[in-house]
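Asker: Next comes the sequence, and after it the predicted model I'd like to discuss.
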Amino acid sequence: MKTRITSKIACLTTSILLLGGIASARVAKPFPKEGIWRGEFSVSESKVPFNFQLKGKTPQTAILTLINGSRRDDFHVERRGDDSIYVKMNTYDAALVAKIETDGTLSGEYRSLVPGFRGNSLPFVAEHGKSYRFVEPGKDVAPKHNITGKWEIKTYTKEAVPASIALLKQNGNKLTGVIMTVVGDTRELEGTVQGDEFELSGFTGPSPFIVKGKINDDNSITGEQGFGIYKNLKFDGQRNEKAELPDPYKLTFLKEGYSKLDFTFPDLSGKNVSLSDDKYKGKVVIIETIGTWCPNCTDQTVFLSPWFKKNQKRGVEAIAIGFEQKDDLEYAKYTLGKLKEKYDITYDILFGGIADKKVVAEKLPALNKFIAFPTTIIIDRKGNVREIYTGYTGTVTGKYFNDYEAKFNKVLDELIAEPVPEKLASTETLKSK
């Protein structure tokens, strides 16, 4: 009897150990190492490098931070299955999806999540512990030129494309900068100068961007810009400290005979909202045409959301009209809802339709044309359009952003100081009684 009991205890002990081993194996699922990583997208025959930092050892705490010069963008890391991770690009409907390989590296793809666009993807690999961007430490080639300064850039395409401006800063081999166009900017780029060649790349959540070029003996530059899953453009550039883009306040304006804007679009609950609603009468109103797919729109939202909360009680309202990658209100509720939640937007968000400049022009027929997402339209207390600003330049552009912010506040201060139309003022007085 004693032998049987001993045998049963031994079997039970073995079973417990086995179960414990299985439990331990389940707990010990692979997860990317904390620290600095270097990734590479494969775009046609080119490699587009990017850097990120991972903090947190579990899906509950892990944050992936994309690094571009001085800019940082944070994204939550989810586990998918036993050996894969999923990093949603916040309000952009795209994700990094990767397998954790047995050697600890990552391999996967940057994937569009827009219904009907899921074939758009870029493969990538990433390796832990590497902080360089383009050139491994110790392999730099002394630069032959310093390209710090302002450059007037001309791109070559079948369509007419206005000149753009590159603001570059070089320190030894290290190169950072931004390219500005009439529609906005590339956000901060990071790269290198090697001999008479230079490279810059950027990845902040939307499709990655790369610039490769050569510095010529006459100090001009030539090269190519790559827009990830979209297109490539050849360019040349001349250093020109006096170069300027077209005035963004003069590109979009009202057609002859128009002084007001008129529209009706559904909000995120499906309720139709019009500029003629009582809520906006007698108020200064800021209209933004945006898209959650548009990085400059996101940057403009980062500026406007806190500004509005600070100034709303002064007699200001704001409306963001979202034009999304799918012409579907339910889809827009999801994408624009994420934007609202992420940036704590307290002004109205409406859905305008598909993200197409021709569609915007059709739905806002008072405009002479529609050039860029975002476009800011400022309306006075009488309902008249007073300013239209095309595009948006972010903080990385330095003086250009500072000038934008200063004029934005100056215009709003002046319009807010104007009296409420007498008819509306008397109506409000009666309501208060």
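Answerer: Sure, I can see it.

Asker: Outline the domain layout of the protein.
Answerer: 35-128, 149-239, 264-425 (the TED database).

Asker: So which of those is nearest P248?
Answerer: domain 264-425 (4.7 Å; CB to CB). All C-beta spots, glycine's among them, are computed from the backbone N, C-alpha and C.

Asker: taking the mean pLDDT, what do you get for that closest one?
Answerer: For domain 264-425, the mean pLDDT works out to 96.

Asker: Run the chain-centre distance for that domain.
Answerer: In terms of CA atoms, centre = their mean, to the nearest Å, the centre of domain 264-425 is set 17 Å apart from its chain centre.

Asker: With stretch 50-63 instead?
Answerer: Distance of stretch 50-63 from the chain centroid (CA atoms, centre = their mean) equals 20 Å.

Asker: Equivalent analysis for stretch 182-192, please.
Answerer: Counting by CA atoms, centre = their mean, stretch 182-192 comes out at 11 Å from the chain centroid.

Asker: so F401 is in which element?
Answerer: helix 399-417 (DSSP states H and E).

Asker: Could you check that helix and say which residues are buried?
Answerer: Y400, F401, Y404, F408, V411, L412, L415 (16 or more other CB atoms under 10 Å).

Asker: and what of stretch 147-154?
Answerer: Those would be I147, K150, W151, E152, I153, for stretch 147-154 by 16+ other CB under 10 Å.

Asker: Need the residues that contact it.
Answerer: Defining contact as CB atoms under 8 Å, 6 or more residues apart in numbering, one finds that stretch 147-154 is touched by 163-170, 175, 179, 193, 198, 215, 221, 235-241, 243.

Asker: Farthest pair within the buried residues of helix 399-417?
Answerer: It's Y400 and L415 that sit farthest apart of the buried residues of helix 399-417, by CB to CB, at 22.7 Å.

Asker: on that earlier part again, want to try CSV for the buried residues of stretch 147-154, with pLDDT, distance to Y132 and secondary structure as columns?
Answerer: CSV is the format used below for these (pLDDT from 0 to 100; distance: CB to CB, whole Å; DSSP: H, G, I helix; E, B strand; the rest coil):
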residue, pLDDT, distance to Y132, secondary structure
I147, 97, 20, coil
K150, 98, 27, strand
W151, 98, 25, strand
E152, 97, 30, strand
I153, 96, 26, strand
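
Asker: Please identify which two of those residues are farthest apart in space.
Answerer: By the measure CB to CB, I147 and E152 form the most distant pair in the buried residues of stretch 147-154, at 13.0 Å.

Asker: Spatially nearest residue to L251 (excluding sequence neighbours)?
Answerer: T390 (4.2 Å; CB to CB, 6 or more residues apart in numbering).

Asker: tally of neighbours for that neighbour?
Answerer: By other CB atoms under 10 Å, the residues close to T390 number 23.

Asker: My understanding was that it contacts D247; is that so?
Answerer: No: under the criterion of CB atoms under 8 Å, T390 lies out of contact with D247, with a separation of 9.1 Å.

Asker: So which bits of the helix or strand harbouring L336 are buried?
Answerer: Here L336, judged by DSSP H and E, is contained in helix 329-342. Buried residues in helix 329-342, counted by 16+ other CB under 10 Å: L329, Y331, A332, K333, T335, L336, K338, L339, K340.

Asker: Export those as TSV, with columns for distance to K99.
Answerer: Output for the buried residues of helix 329-342, formatted as TSV (distance: CB to CB, whole Å):
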residue	distance to K99
L329	36
Y331	28
A332	32
K333	32
T335	27
L336	32
K338	26
L339	30
K340	33
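
Asker: Among those, pick out the one closest to T395, please.
Answerer: Distances from T395 to those, taken by CB to CB, are shortest for L339, at 19.1 Å.

Asker: Which residue is the nearest non-sequential neighbour of that closest one?
Answerer: T91 (4.7 Å).

Asker: what about the one you found, how many neighbours?
Answerer: 21.

Asker: Next, the contact list for it, please.
Answerer: Contacts of T91 by CB under 8 Å, 6+ apart are T292, T298, T335, K338, L339, K342, Y343.

Asker: Average pLDDT for stretch 220-237, rounded please.
Answerer: Mean predicted confidence for stretch 220-237 is 85.
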